[in-house]
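Q: using only what follows, build the 3D model:
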Amino acid sequence: MTMKPSTQDALALAQSIVQGQTTAQAALQASLQAVARLNPQVNAIDTQAPEAALRRAQALDAELAALRTDSQRAALLEERPFFGVPLPLKDLGLACVDLPSSMGSAFFFGSPRLIETASSCVAITRRASCPLRAAPARNSA
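A: Numbers count the residues shown, from 1 in each chain. Modelled structure (predicted):
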């Protein structure tokens, strides 16, 4: 039985994606829907890049489709345990290319800077997943 992406923890979701029970695109759509539903109350997601995330999810699904054997899929999951899982990035100084950064501070909000190079943490995350961008609420200090 296939579980909805939103009812699984990250490792189980990655396993479902790699085993073909769902897709990275479906997981991303479920995450975007959850953000749209919950963010007005919690004000946790400041900036989103759904088009870029969708392109990344499509590329991950294509990469997965090219694998022909269960052993190839198992090796992929071993190397990249969060494969296809949408992960929000907290804006606390992690440099993320093409996304504005307020460095997690209300002081810098409103004049975000675009970063030219990604931090190694973000680069690793992007390789394995479909990042969204999260930042502190606008009224936080």
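
Q: what's the helix or strand for the residue nearest to residue 16 when sequence neighbours are not counted?
A: Closest residue in space to residue 16, ignoring its immediate chain neighbours: residue 22 at 5.0 Å, by Cβ to Cβ, 6 or more residues apart in numbering. Bear in mind the C-beta positions are built from the backbone N, C-alpha and C, glycine included. Assigned by DSSP states H and E, residue 22 belongs to neither a helix nor a strand.

Q: then the one 10 residues further on?
A: Element membership for residue 32 (DSSP H and E) is helix 24-42.

Q: buried residues, that helix. List them.
A: Counting neighbours by 16 or more other Cβ atoms under 10 Å, one finds that the buried residues in helix 24-42 are 24, 25, 26, 27, 28, 29, 30, 31, 32, 35.

Q: and stretch 82-89, by the same measure?
A: Those would be 82, 83, 84, 85, 86, 88, 89, for stretch 82-89 by 16+ other Cβ under 10 Å.

Q: just these now: which is nearest residue 8?
A: Using Cβ to Cβ, residue 85 is the member of the buried residues of stretch 82-89 that lies nearest residue 8, at 9.2 Å.

Q: that closest one reaches residue 16, doesn't it?
A: No - in this structure, residue 85 is not within contact of residue 16 by Cβ atoms under 8 Å, at 9.8 Å.

Q: between the buried residues of stretch 82-89, which sits nearest residue 54?
A: Of the buried residues of stretch 82-89, the one sitting nearest to residue 54 (Cβ to Cβ) turns out to be residue 86, at 10.4 Å.

Q: mind checking the SS state of that closest one?
A: Three-state call for residue 86 (DSSP: H, G, I helix; E, B strand; the rest coil): coil.
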